[in-house]
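# Dropping a prediction and its sequence here:
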Amino acid sequence: MSWMTLSRRPSKPWMRIAIAVLAVAGTGIAAMVGLIWFALEGFASCRNVVLSSTPSPDGTKAVLVFRQECNATVPDSTYASIAPMDSAFSPDRNHAFLGFAGNAEILPTWRGSNVVEIAMMPGVEGGFIRHDAQVGSVRIDYK
């Protein structure tokens with residue numbers, strides 16, 4: 001047998017077709033999973049928008065009012081937090097002492113460095129998510 005007589009055996013056409021179909025199906029499934037993940041990630045995400053910052057008289061802390069905006073099926077919520085002035089604000093680190101569904105305006109006023117007066121305009125109709133009377137050494141007075 002010489003090397004000239006050895007030839008590659010022709011592959012079966014059905015094998016090539018099966019491999020091509022599996023490759024196209026796998027690519028399609030991966031694309032669908034990626035699109036679904038991308039859509040759900042965007043749908044479930046929320047962002048916090050800081051609306052105002054009112055520093056304390058001693059300049060060490062501030063009342064930050066922020067709104068949490070999610071998607072069309074979740075109503076916006078409004079929150080207030082007390083955070084130190086020497087670091088960046090984070091709702092995860094500086095937990096809200098006040099929160100409610102909706103967009104009423106929160107008007108904080110410091111009375112000294114350890115008392116904050118909170119007024120809400122026009123008022124909260126949907127009920128409070130959170131309504132604390134104290135944050136650390138700071139007393140919260142609601143009007």
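Now that the structure is in, tell me what you want to look at.

# Next, name the residue at the spatial heart of the protein.
By CA atoms, centre = their mean, the mean C-alpha position of the chain lies nearest to Cys46, the distance being 3.1 Å.

# excluding its backbone neighbours, what's nearest that residue?
Of all residues not flanking Cys46 in the chain, Cys70 sits nearest, at 4.2 Å (CB to CB, 6 or more residues apart in numbering). Using the backbone N, CA and C atoms, a C-beta is placed for each residue, glycine as well.

# Equivalent analysis for Pro122, please.
For Pro122, ignoring the flanking residues on the chain, the nearest one in space by CB to CB, 6+ apart is Ala104 at 6.0 Å.

# The one you found touches Met121, doesn't it?
Yes - using CB atoms under 8 Å, Ala104 is in contact with Met121, at 6.3 Å.

# ok, how many other residues are close to Ala25?
10 (other CB atoms under 10 Å).

# between Ala104 and Met121, who's got more neighbours?
Ala104 (16 against 8).

# separation between the more buried one and Ala18?
Applying CB to CB, to the nearest Å, the value for Ala104 to Ala18 is 63 Å.

# which residue packs closest to Ile82, ignoring adjacent ones?
Val135 (4.8 Å).

# Would you map the helices across the protein?
Using DSSP state H, the helices of the chain run over 13-44.

# lowest average confidence, helix or strand, in this structure?
Between all helices and strands in the chain, the lowest mean by mean pLDDT, DSSP states H and E belongs to helix 13-44, at a mean of 76.

# for this protein, which spans come out with low pLDDT?
For the chain, applying pLDDT under 70 flags the ranges 1-11, 37-44, 123-126.

# follow-up on the earlier one: my read: the residue nearest to Cys46 touches Val49, true?
No - applying CB under 8 Å as the test, Cys70 and Val49 come out as separate, 11.6 Å apart.
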